[in-house]
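Asker: Predicted model and sequence below, questions to follow.
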Amino acid sequence: MLNVAVLISGTGSNLRALLEAADDPSFPARVVVVGADREADGLAHADDFGIPSFTVPYTRYATREQWGAELDAQLRVWNPELIVLSGLMRLLPQTLVDAWAPRIINTHPAYLPEFPGAHGVRDALAAGAEQTGASVIIVDNGVDAGPIIAQERVPVLPDDDEHTLHERIKPVERRLLIDVVRRVATGELDLTAQP
């Protein structure tokens with residue numbers, strides 16, 4: 001059984017989908033803790049499933065490195081084999097990434113390397129893209145620049161706005177995330193073997 005920690009900043013819709021998948025006894029991974037960088041609404045999902053949670057508020061620390069050190073300390077209590085960034089809207093400091101690499105993965109609502117950064121959906125629309133997508137990557141010290149381990153295209157419809165397009169990307173993102181976690185848990189996907 002693969003032990004997973006999930007880090008969030010917002011509503012945690014991807015977290016909810018992963019918790020529902022892991023609630024099936026046949027799923028080969030379990031979420032052992034949920035962490036957040038603020039008082040996030042998504043922490044309620046952890047409560048719903050009886051999963052412990054913690055908060056390391058970014059604003060309480062003078063530097064990103066100090067925040068990262070406390071986040072690292074909280075994660076080490078649970079010793080996860082995989083860390084999932086699920087809407088965590090903070091760049092992790094290099095020391096934290098280096099300590100856990102390559103066992104940190106992230107979802108992104110675009111077909112990377114297209115439209116990296118915090119506004120992937122908005123940027124796809126602004127560029128007039130006819131298609132975008134969803135990706136799951138291994139986190140490195142760049143912005144959405146790590147090795148891509150799963151992705152799928154999503155068409156941009158003529159009447160799409162940021163909300164409608166994002167709502168069509170989310171189910172794809174969730175499905176990819178659950179599949180990646182399953183493949184890591186079964187050994188089908190070896191994160192250490194990725195370029």
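Answerer: Looks like it arrived, so ask away. Quick caveat: nothing in here was measured; it's all calculated off a predicted structure.

Asker: Restricting to C-alpha, output stretch 33-51 in CSV.
Answerer: In CSV, the C-alpha atoms belonging to stretch 33-51 read as follows (Å, rounded to 0.1, in the frame of the first residue of the first chain):
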residue,chain,number,x,y,z
VAL,A,33,-2.4,13.2,5.5
VAL,A,34,-3.6,16.4,3.9
GLY,A,35,-1.7,19.6,4.3
ALA,A,36,-2.4,23.2,3.2
ASP,A,37,-0.7,26.5,3.0
ARG,A,38,-3.7,28.3,4.4
GLU,A,39,-7.1,27.6,5.9
ALA,A,40,-8.3,25.9,2.8
ASP,A,41,-11.9,24.8,2.1
GLY,A,42,-10.6,21.5,0.8
LEU,A,43,-9.5,20.4,4.3
ALA,A,44,-13.1,19.5,4.9
HIS,A,45,-12.6,16.6,2.5
ALA,A,46,-9.9,15.2,4.8
ASP,A,47,-12.4,15.5,7.7
ASP,A,48,-15.1,13.7,5.7
PHE,A,49,-12.8,10.7,5.2
GLY,A,50,-11.2,10.7,8.6
ILE,A,51,-7.8,11.7,7.3
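
Asker: Outside of that stretch itself, list whatever touches it.
Answerer: Residues from elsewhere that reach stretch 33-51 (CB atoms under 8 Å, 6 or more residues apart in numbering): 5-13, 15-16, 19, 23, 31-32, 52-59, 67, 71, 74-75, 77-78, 80, 86-90. Glycine gets a C-beta too; all of them are placed from N, C-alpha and C.

Asker: ok, now stretch 67-80?
Answerer: Residues from elsewhere that reach stretch 67-80 (CB under 8 Å, 6+ apart): 3-5, 7, 32-33, 35, 37, 52, 54, 56, 58, 60-61, 83, 90, 92-93, 95-96, 99-100, 103.

Asker: List the buried residues of that stretch.
Answerer: By neighbour count on 16 or more other CB atoms under 10 Å, the buried set for stretch 67-80 is Trp67, Gly68, Ala69, Leu71, Asp72, Gln74, Leu75, Trp78, Pro80.

Asker: Confirm that the third one lies within a strand, as I assumed.
Answerer: Think Ala69. No: counting by DSSP: H, G, I helix; E, B strand; the rest coil, Ala69 is not part of a strand but helix.

Asker: now the biggest helix by length in the chain, how far from the centre of its chain.
Answerer: Identified as the longest helix of the chain according to DSSP state H is helix 162-186. Mean C-alpha position of helix 162-186 versus that of the full chain (CA atoms, centre = their mean, to the nearest Å) differs by 10 Å.
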